[in-house]
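A.B. asks: Okay, structure incoming, though there's no sequence with it:
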């Protein structure tokens, strides 16, 4: 539930949201996403969190990051760490949980409602902490993927769970080929 006069902030865990929309088979039109939440309340800011490989200017996420930064999203990025796992495979690590949690707690005195785009159960204590400060928290993720992208404990803690698949007609578009990702 949203109220027209409440101050909203969107906190988007980019990697988690990407996994959810990939599992559901659609891409998000981020311009429509902003408009949808501007319609639901007084959207103060939309933050998008992602880790970037420093040496890969041509990475598939770069056009999205650039588009978002020019179109009203506050970008929070950090360098991803590359490593070789025990089986000799190249892995990339770039968790943004701490950045999301710190920003959420700093924003709490200035907002009425936080909309968290993530299904990561590690955020349950964050949601509880925001609620203790009088902030309502909606979580956007999906239970319709196999396995579900939302942790049950996060879904139970949130004031409101928004099924990403139910937003498909409002903010979705058919998936593009990886080289065409721009966020528009």
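C.D. replies: The structure has been received and is ready for your questions. None of the values given here were measured: they were computed from a predicted structure.
A.B. asks: Which positions in the strand ranked longest in the chain come out as buried?
C.D. replies: Assignment by DSSP state E gives strand 42-52 as the longest strand of the chain. Buried residues in strand 42-52, defined by neighbour count with 16 or more other CB atoms under 10 Å: 43, 45-52. Heads up, the C-betas are built off the backbone N, CA and C, glycines and all.
A.B. asks: Can you show me the strands along the protein?
C.D. replies: 7-13, 27-28, 42-52, 73-79, 81-84, 90-93, 113-117, 136-141, 160-163, 172-173.
A.B. asks: would you list those strands in TSV and tack on distance to residue 64?
C.D. replies: Shown next, in TSV, are those (distance: least, CB to CB, whole Å):
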stretch	distance to residue 64
strand 7-13	11
strand 27-28	10
strand 42-52	8
strand 73-79	10
strand 81-84	20
strand 90-93	16
strand 113-117	14
strand 136-141	18
strand 160-163	21
strand 172-173	13
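A.B. asks: okay if I get those as a markdown table plus mean pLDDT and distance to residue 105?
C.D. replies: Shown next, in a markdown table, are those (pLDDT from 0 to 100; distance: least, CB to CB, whole Å):
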| stretch | mean pLDDT | distance to residue 105 |
| --- | --- | --- |
| strand 7-13 | 98 | 11 |
| strand 27-28 | 94 | 26 |
| strand 42-52 | 96 | 13 |
| strand 73-79 | 94 | 14 |
| strand 81-84 | 84 | 25 |
| strand 90-93 | 79 | 24 |
| strand 113-117 | 98 | 10 |
| strand 136-141 | 98 | 12 |
| strand 160-163 | 97 | 20 |
| strand 172-173 | 90 | 31 |
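A.B. asks: which one of these is the most hemmed in?
C.D. replies: Stretch with highest mean neighbour count among the strands of the chain: strand 113-117 (a mean of 25; mean count of other CB atoms under 10 Å).
A.B. asks: Tell me the strands beside it, with direction?
C.D. replies: Applying DSSP bridges, strand 113-117 is found paired with strand 7-13 (parallel), strand 136-141 (parallel).
A.B. asks: Take those strands and lay them out in CSV including distance to residue 148.
C.D. replies: Formatted as CSV, these follow (distance: least, CB to CB, whole Å):
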stretch, distance to residue 148
strand 7-13, 16
strand 136-141, 8
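A.B. asks: could you say what helices and strands the longest strand of the chain packs with?
C.D. replies: Secondary-structure packing of strand 42-52 (3 or more CB pairs under 8 Å, 6 or more residues apart in numbering; DSSP states H and E): strand 7-13, helix 14-24, helix 30-40, helix 62-70, strand 73-79, helix 97-107.
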